[in-house]
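Asker: Curious how this folds, go ahead:
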Amino acid sequence: MAALHDQSAQCLPIGVPVTVVPPSPPDGRPAGLGPEADPIPPAPSAGAASGRAPRRPSRWRRFRNTGSLDIQSKLLVMLLGVSILAAVVVGAVGYVNGRSSLESAALNQVTSLREARITELKRSFGQFTQTVVSQSRNASVIGATRAFDSGWQDLQDRPVSSTDTTKVDDWYQDTFVPQLDARSGGTANPQQFAPTRDPQAYLQARYTAPYDDYDEAIKQDDAGDGSAWSAAHAEYQPYFRQAVESAGYEDLVLTNTDGDVVYSAYAGADLGTDLEDGPYRDSNLAAGYRDALQLTNSDAVLVTDFARYAPSLNVPTLWVMSPVGDEGKVIGVLAVQVPIDLINQVMTGNEGWKGDGLGDTGESYLVGDDELMRSYPRQLIEHPAQYQRDVVSAGTAPSTAKRQVAIKGSVLLQQVTTTPVSRALQGRTGTVIAQDYRGKETLAAYAPLEVDGLRWVVVAQMDTSEAFAPVNEFTRDIALALVGIIVLVSLLSLLLAQVFVRPIRRLQTAVNRVSAGEIGVEVRAKPGDEIGDLGLSFNDMSRSLKVKQDLLDEQRRQNDTMLLTLMPEEVARRYKQGDETIAEDHQDVAVVYADVIGFDDFAASMNAEESLALVNDVWRSFDEAATRHGIERVRTTRSGYLASCGLSVPRVDNVRRVVEFVTEAQGVLDRFNAQHGSSVALRAGLDAGPVTSGLVGRSSIVYDMWGDAVSLAYRVQGIAPSPGVYATQRVVDKLGDPGSARDVGEVQTQAGPQRVWKLERTGTGA
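Answerer: Numbering: from 1, shown residues only. Take a look at the predicted model:
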């Protein structure tokens, strides 16, 4: 409130009495004359002569004496003289412009919705396809493709027992085909889907047939048959299961270059099938696989249009595929089944039509080049019974409409042969008033959509009865407003006294809001009279308060930013909440303690600032490398660097990341030596296990990490005076590559001796 006191000389406090100096002193002297001036006797008035009190000067006399109208007089003249004429003129102009604006607003609304849906759909598809491309280049996916293909080749010579064959046949007869018939409404022959090769029957007998539900099949890691394929499944199924469940994929399959589906996350009916001559050779998965093999760029992606897919119980399916390459050679194809919900969430705005300003009938939907829907219409979701009646009246077959309501979906079922769709398929973009697929007259905005090779149409529409309802309401409101304004102006002349005090009340309300702690409050004020000047002074004071508050907020943001450089975000949040003891246990964390040796000798001839600047440059390069590898720096000293992986964000490959980080850190020091002619080197200790992190101290807070893994990492790096990367047995076991490690001794701990290994640096032999 310091600013409030600073402005006290510019405004009068509300509620404090103000003494008004009369125009002339009681003794008859003009204002400003001293007692030595000759008095001017006042002229006697008629009231004084008769013994009555003198009358107050008339309003006209006040105007004549001051030369300008007071506020009350101004209001009288303006309201009575201008308001009626202004109301008529503004009403006429507003009617013409408002009607045109409302009609344009209705068009702009559906047009904006169309563009927003196109943008969001492209963004969502871009993110989804980029994720698939990233996964196809992932080392785990590449390794899985090779492992599953190798396991598949081993199964070629493994015989299939009659028990396995019977189990698979019974599954198709009793489980798969009944579910398919119930979902598609048809009658399928189990034999048309039965495995045609022994490896397919072998795998389905162990990973598909034992389950009635795909959600249960995905949970199995190893069938325990001892085959190489099962070993690969046990190794990679947890990774793919997590990827499928976190991203919401309907399925994820891997194929080899011979067209064999060597892996399916859900182990469905397509596991082991041959996309070249198997039962699904005519599916969009098979067509997409063949096209994906022709892609020569590992960053390329192929998207198939929706088509019914029998292994998914004939649900319309869209696939995103990317070739899996290794050493410049395509070794397979990664195919991800896109959930329909991905498209519906975009096209329906997560079913938040009213929140998007679409009223009761506004919607947007997708149509393919076959004039069939690719998303769900709003009315089917909100009012399915009415939807069925409307589309049947518009020409949709009753059985098709009934089927849509039964499965609560319209993809590849509802045909849309409307004017907007026809024009958009011709490559045109625009708006039109036309009947839609329900036979309702709508205001529609249409445009073609090209996304990843798909040729679709986006239509955003609203029933004309609702879209143009504001125009009719506006016409009625204008007429009523004109009548009301004329009546109101007449009444305002009788209420001028109350109108006069409204600015003061607004100012009082603003002062109360400021006194309650609200910042940035301003009142409408214009100069020219005392109340206007008072309002301007108040606004100056309020703006001054807001500037100071903004400075405080900026300082607070800077403090928060600095706090986040000292500790993780969650720890900072708890610290700001006032938690006195902040500590957290972590079960599987990779720890690295790196010590830069030889720096003191190098910096012996430098002053403190020069040596510290070089140290900071090294730590900055280490921090950049840590960020790239997902490593979290805990603290640094002049020669020590403590970091971890998996502390704030659990990672299954934390050890690998730490090793890659220290390798890059060694490269940082190599470049440092080459630049400065020094011979500093890195001596790092690695361990993995449970640790504890938290804030240490009270008056001087330090974020630290401690535990056996930290202590052992520190001791391991000190086992030898020579530089290098030293790791415990736990780290070497997790790396799974003992050939790159050399036994250098052991350290004693409370749990017994711990073997220490020196990790060989690739390419140096060190």
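Asker: where are the low-confidence patches of the stretch 451-600 of the chain?
Answerer: Scanning the stretch 451-600 of the chain for pLDDT under 70 picks out the ranges 493-494, 496-501, 528, 564-566.
Asker: Likewise for the stretch 251-400 of the chain?
Answerer: 298.
Asker: Going along the chain, name the strands of it.
Answerer: Using DSSP state E, counting those that start in this stretch, the strands of the stretch 251-400 of the chain run over 251-255, 261-264, 302-303, 307-309, 315-326, 329-338, 363-368.
Asker: and of those, who's closest to residue 657?
Answerer: Minimum separation from residue 657 across the strands of the stretch 251-400 of the chain (CB to CB) falls at strand 315-326, 21.2 Å. Heads up, the C-betas are built off the backbone N, CA and C, glycines and all.
Asker: Which residue is the nearest non-sequential neighbour of residue 448?
Answerer: Once flanking residues are discounted, residue 448 sits nearest to residue 424: 4.9 Å by CB to CB, 6 or more residues apart in numbering.
Asker: What strand or helix carries the one you found?
Answerer: helix 419-425 (DSSP states H and E).
Asker: Give the buried residues for that helix.
Answerer: For helix 419-425, a neighbour-count test (16 or more other CB atoms under 10 Å) marks 420-421, 423-425 as buried.
Asker: mind checking how far the spatially most central residue of the chain is from residue 244?
Answerer: Nearest to the mean C-alpha position of the chain, counting by CA atoms, centre = their mean, stands residue 124 at 11.0 Å. Residue 124 sits 18 Å away from residue 244, going by CB to CB, to the nearest Å.
Asker: Tell me which of the strands of the stretch 251-400 of the chain is the most buried.
Answerer: Across those, averaging neighbours per residue (mean count of other CB atoms under 10 Å) puts strand 261-264 on top, at a mean of 28.
Asker: now, the most widely separated pair of the buried residues of helix 419-425?
Answerer: 420 and 425 (9.7 Å).
Asker: Hmm, residue 743 and residue 720 touching each other?
Answerer: No - counting by CB atoms under 8 Å, residue 720 stays clear of residue 743, with 12.0 Å between them.
Asker: Just say helix, strand or coil for residue 705.
Answerer: Classification of residue 705 using DSSP: H, G, I helix; E, B strand; the rest coil returns strand.
Asker: partners of it in the sheet?
Answerer: residue 693 (DSSP bridges).
Asker: can you pull the contacts of it?
Answerer: Shown in contact with residue 705 (CB atoms under 8 Å, 6 or more residues apart in numbering): 591, 634-635, 642, 644, 647, 691-693.
Asker: In strands, which of those residues appear?
Answerer: Counting by DSSP state E, the contacts of residue 705 place 591, 634-635, 642, 644, 691-693 in strands.
Asker: Of the residues you listed, grab the buried ones for PyMOL.
Answerer: To isolate the buried members of the ones in strands among the contacts of residue 705 in PyMOL, using 16+ other CB under 10 Å:
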select buried, resi 591+634+642+644+691+692+693
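Asker: follow-up on the earlier one: who's in contact with the helix holding residue 424?
Answerer: 367, 369, 371, 430, 432, 434-436, 444-448, 457-459, 461.
Asker: distance between it and the chain's centre?
Answerer: Offset of helix 419-425 from its chain centre (CA atoms, centre = their mean, to the nearest Å): 33 Å.
Asker: What's the first helix or strand after that helix?
Answerer: The helix or strand immediately downstream of helix 419-425 is strand 430-435, counting by DSSP H and E.
Asker: Using PDB, write down the CA coordinates of that following strand.
Answerer: Taking Å, rounded to 0.1, in the frame of the first residue of the first chain, the C-alpha atoms of strand 430-435 are listed here in PDB:
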ATOM      1  CA  GLY A 430     -16.200 -23.100 -49.000                       C
ATOM      2  CA  THR A 431     -19.500 -22.700 -47.200                       C
ATOM      3  CA  VAL A 432     -23.000 -23.600 -48.300                       C
ATOM      4  CA  ILE A 433     -26.600 -23.900 -47.000                       C
ATOM      5  CA  ALA A 434     -27.700 -27.500 -47.900                       C
ATOM      6  CA  GLN A 435     -29.300 -30.600 -46.600                       C
END
